[in-house]
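# I need the structure of the sequence given here:
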Amino acid sequence: MSETAKLLADVPLFALLSEDDRTVLSRHIDVERHSAGQTLFDYGDPGDSMMVVVKGEVELFVKNKTGERTLLETVTPGEFFGEISLLDEGPRNATATCKSDVEGLVVSFAELWLVAQ
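Below is the predicted model of the structure:
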C-alpha cells in the first residue's frame, strides 16, 4: 500500500473505503505544499476539491461586513476541509489560509467519482 493510501486510511471520511479503493484514489491525488500565510481559497470561490492536511495547520474563517474576522476552525494533520463545496457543488463558505507551512493531499470531485464507479 502506498504512503498516500495509508494516510487516507487514517482519515474518517476515507476509512470506510476498501484498501483497494484507497489505493486507486491515492494514485490520482495531488500532494501540494503551501507557505505560511498563503490563502488556499476565498469565501465564494468555486469548490471542486477538498484537502487532507498532512503537515501544518490551516485556518478557516469568515469576515463580516465590517471586515471583522471570525475563526471557524483550525485544521491540523489528519483532518480535512473543503468537503462541503465538494459535496454540494456550491461555492466555498469560508476562506482557508495556511497558519504554518502546509503539506496536503488534494482530492477533487472527479477523483472521488473514479472510486465511486
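
# the residue nearest the centre of the chain: which element?
Nearest to the geometric centre of the chain sits Met51, at 1.5 Å (C-alpha atoms, centre = their mean). Using DSSP states H and E, Met51 sits in strand 49-55.

# pull up the pairing partners for that strand, direction included.
strand 80-81 (antiparallel), strand 102-108 (antiparallel) (DSSP bridges).

# mind listing what's buried in the next helix or strand after it?
Under the assignment DSSP H and E, the closest C-terminal helix or strand after strand 49-55 is strand 58-63. Buried residues in strand 58-63, counted by 16 or more other C-beta atoms under 10 Å: 58-60. For the C-beta atoms, the positions are set from N, CA and C on the backbone; glycine is no exception.

# and strand 58-63, what does it pack onto?
Secondary-structure packing of strand 58-63 (3 or more C-beta pairs under 8 Å, 6 or more residues apart in numbering; DSSP states H and E): strand 69-75, strand 95-98.

# what is the mean pLDDT for that strand?
Strand 58-63 carries an average pLDDT of 97.

# which of the helices and strands packed on strand 58-63 is buried the deepest?
Of all the helices and strands packed on strand 58-63, strand 95-98 has the most neighbours on average by mean count of other C-beta atoms under 10 Å, namely a mean of 21.
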